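Trainee: What would the 3D arrangement of this be:
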Amino acid sequence: MRNLYCALLLGLLVVICLQSFAAGNNGKSPEECCFNFFKKPVPVRSIVSYEETRDDCPKAGVIFITKKAARICVDPGFKWVKRAIDQIDIRNVESSTGE
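Mentor: Here you go, the predicted structure:
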């Protein structure tokens, strides 16, 4: 009977260790990365803001947040993405200065 308790305790410890290792590995993972990119241009008037993905993501990306709260991953290398980011930045500066 004692061997059974020892085996159960050892098994429980192994499960706890494996779970803590998995949680520790996920602790440094990016909150959100882009793995697939939306290729068609998104109208700037429908974009509220944008976020750049973190440096530790496998691919650099930009996430556009729309008025409908949709999050759209786009490739920052596309010309239309760069123009949209510039327009959003200008719009944000103008709204913060009250113009």
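Trainee: Stretch 39-46 spans what distance, first to last residue?
Mentor: 16 Å (Cα to Cα, to the nearest Å).
Trainee: Tell me the buried residues in it?
Mentor: By neighbour count with 16 or more other Cβ atoms under 10 Å, stretch 39-46 contains the buried residues residue 42. In short, each C-beta sits where N, CA and C put it, glycine included.
Trainee: quick one: contacts for residue 60?
Mentor: Residue 60 makes contact with 52, 53, 76, 77, according to Cβ atoms under 8 Å, 6 or more residues apart in numbering.
Trainee: centroid residue for this protein?
Mentor: In the chain, the C-alpha nearest the mean C-alpha coordinate belongs to residue 32, at 1.2 Å (Cα atoms, centre = their mean).
Trainee: got a list of what it touches?
Mentor: Residues in contact with residue 32 (Cβ under 8 Å, 6+ apart) are 51, 53, 63, 71.
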